[in-house]
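Asker: Turn this into a structure:
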Amino acid sequence: MSAVRSVSALVVALGVTAVLHAQTFTIKMATVVPTNSSWHKALLEMGAAWSKATGDRVALRVYENGAQGDERAVIRMLRPGVDQMQSSLLTLPGLAEIDDAFNVFGMPFFFQTDEEAMHVRNKLTPLFEKRLEAKGLKLLAWGNGGWVQLFSKTPIKSLDEVKKAKIYTSEGDDKMVNWYKNNGFNPVAIRAADIPGALKTGMINATPMPPYPAMVLQIFQDAKYMLDVRLAPLLGAIVVTNTAWNRVSADDRAKLVEAAKAFEKNMDSAGPGQDAGAVTAMGKRGLTVTPLDAKARAEFQAAAEKLVASARGTMVPADVFNQAIQERDAFRKTKK
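Answerer: Predicted structure coming up:
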């Protein structure tokens, strides 16, 4: 009898284990961040935290390095009724593909410091959460990719030289392309994944990009010059489909949010150091950094003010633009 009871207990235990395993919900995340980059590692850490905190009730499977396609393709996979992917860490162009309100974070010279950009981002977070919610997505956490600099194949020192350069612009965003053209620039719309090849062939000869991804992607091998212009912070965000989010219990959602906010904090704090370290490393391998002199900075600032003004109601919804200006200017007053 004892042997029978032991066998029965084992069968029950195996059955419970099978049931628990069957209850594991895996959220599939597609992203273009490179394999083994700091962002990829941070996502894996977040996924491990999800599994541990929920007792393996929720897991994360990351498809990095554009394995599921570019951001436009991933966004299609996130749409209600498709459900091929349940989540993504999107960069600013991808977020703007979903809602052009995100363009407010990419306006040149709109922010002066990380602290200022993070203040406006945090103040506008409820607004962006509502806009994404209406499109079937939850904004889970922000990401920070560092400050966008200008990498080029030949030295660029002035605004006029920037306007003459064949500059990378995200493919599919005709509004962005026309915005740059109307302001005297020469944008070339291609996929982000094609930037290295386009630099080699000369299809483009300049690309805006933060230093860390330029190092990871080896952009500096062909674009050996960097104009230290600090155009804008490259923000991103983790989004999850509402369908997937609603499958998670309220208790487990709180645990996922906690781990996601740890990811956000990690990205915010790591950005400046990553940028500086990447510039130093690339400098040892042939990168030349060109600082802006006072005259060139004044030219860029004047052009940026015109670009920003022309973005209101065209590139960025007027209400979002107005709120961003209000929050930014209020923050600047506290620093004076």
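Asker: Residue 182 touches residue 310, doesn't it?
Answerer: Yes. Using CB atoms under 8 Å, residue 182 makes contact with residue 310 at a distance of 7.4 Å. In short, each C-beta sits where N, CA and C put it, glycine included.
Asker: wait, isn't residue 141 in contact with residue 263?
Answerer: Yes. Under the criterion of CB under 8 Å, residue 141 makes contact with residue 263 at 5.4 Å.
Asker: Could you list which residues are in contact with the closest residue to residue 203 other than its chain neighbours?
Answerer: Nearest residue to residue 203, sequence neighbours excluded (CB to CB, 6 or more residues apart in numbering): residue 188, at 6.3 Å. Residue 188 makes contact with 166, 167, 168, 169, 198, 203, 204, according to CB atoms under 8 Å, 6 or more residues apart in numbering.
Asker: What's the first helix or strand after the one helix or strand the fifth one maps to?
Answerer: The one in question is residue 198. Per DSSP states H and E, residue 198 falls inside helix 195-201. Remark: after helix 195-201, the chain's next helix or strand is strand 206-209, criterion DSSP H and E.
Asker: quick one: contacts of that next one?
Answerer: Taking CB under 8 Å, 6+ apart as the rule, strand 206-209 contacts 148-153, 156, 162, 165-168, 195, 199, 219, 223, 231, 234.
Asker: show me where the stretch 101-250 of the chain has helices.
Answerer: Counting by DSSP state H, counting those that start in this stretch, one finds helices in the stretch 101-250 of the chain at the ranges 114-133, 159-164, 174-182, 195-201, 211-216, 242-245, 250-283.
Asker: Which elements pack onto the shortest one?
Answerer: Looking back up the chat, that one is helix 242-245. With contacts defined as 3 or more CB pairs under 8 Å, 6 or more residues apart in numbering; DSSP states H and E, helix 242-245 has these neighbours: strand 137-147.
Asker: Selection in ChimeraX covering whichever of the contacts of residue 188 are buried, please.
Answerer: The buried subset of the contacts of residue 188, as determined by 16 or more other CB atoms under 10 Å, is captured in ChimeraX by this line:
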select :166,167,168,169,198,204
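Asker: Including distance to residue 281, could the contacts of residue 188 go into a markdown table?
Answerer: Shown next, in a markdown table, are those (distance: CB to CB, whole Å):
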| residue | distance to residue 281 |
| --- | --- |
| 166 | 27 |
| 167 | 24 |
| 168 | 22 |
| 169 | 27 |
| 198 | 23 |
| 203 | 27 |
| 204 | 23 |
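Asker: What is the nearest of the contacts of residue 188 to residue 330?
Answerer: Distances from residue 330 to the contacts of residue 188, taken as CB to CB, are shortest for residue 169 (31.7 Å).
Asker: now that closest one, nearest residue through space, not along the chain?
Answerer: Nearest non-adjacent residue to residue 169 (CB to CB, 6+ apart): residue 187, at 3.8 Å.
Asker: again with residue 210
Answerer: Per CB to CB, 6+ apart, closest to residue 210 is residue 146, 3.4 Å.
Asker: I'd say the one you found and residue 275 touch.
Answerer: Yes. The pair residue 146 / residue 275 is scored as a contact, 4.4 Å apart, by CB under 8 Å.
Asker: Of those two, give the one with the bigger neighbour count.
Answerer: residue 146 (24 against 20; other CB atoms under 10 Å).
Asker: hey, which helix or strand in this structure has the poorest pLDDT?
Answerer: In the chain, no helix or strand scores lower on mean pLDDT, DSSP states H and E than helix 2-22, which sits at a mean of 47.
Asker: On the C-terminal side of that helix, identify the next helix or strand.
Answerer: Past helix 2-22, the next helix or strand by DSSP H and E is strand 25-31.
Asker: Tell me what angle that following strand forms with helix 250-283.
Answerer: 30 degrees (axes from the mean of the first three to the mean of the last three CA atoms, to 10 degrees).
Asker: now the stretch 101-250 of the chain, which segments are flagged as low pLDDT?
Answerer: By pLDDT under 70, the stretch 101-250 of the chain has no low-scoring segment.
Asker: swap the cut-off to 90 and go again
Answerer: Judged by pLDDT under 90, the stretch 101-250 of the chain has its weakly predicted residues at 170-180, 182-183, 191-193.
Asker: which residues sit in contact with the residue nearest to residue 169?
Answerer: Residue 187 neighbours (CB under 8 Å, 6+ apart): 167, 168, 169, 176, 177, 180, 181.
Asker: Could you dump these into a markdown table with distance to residue 227 added?
Answerer: Shown next, in a markdown table, are the contacts of residue 187 (distance: CB to CB, whole Å):
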| residue | distance to residue 227 |
| --- | --- |
| 167 | 12 |
| 168 | 14 |
| 169 | 17 |
| 176 | 20 |
| 177 | 21 |
| 180 | 17 |
| 181 | 21 |
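Asker: and of those, the nearest to residue 82?
Answerer: Residue 82 lies nearest to residue 176 out of the contacts of residue 187, by CB to CB, at 25.2 Å.
Asker: Sweet, I'm off.
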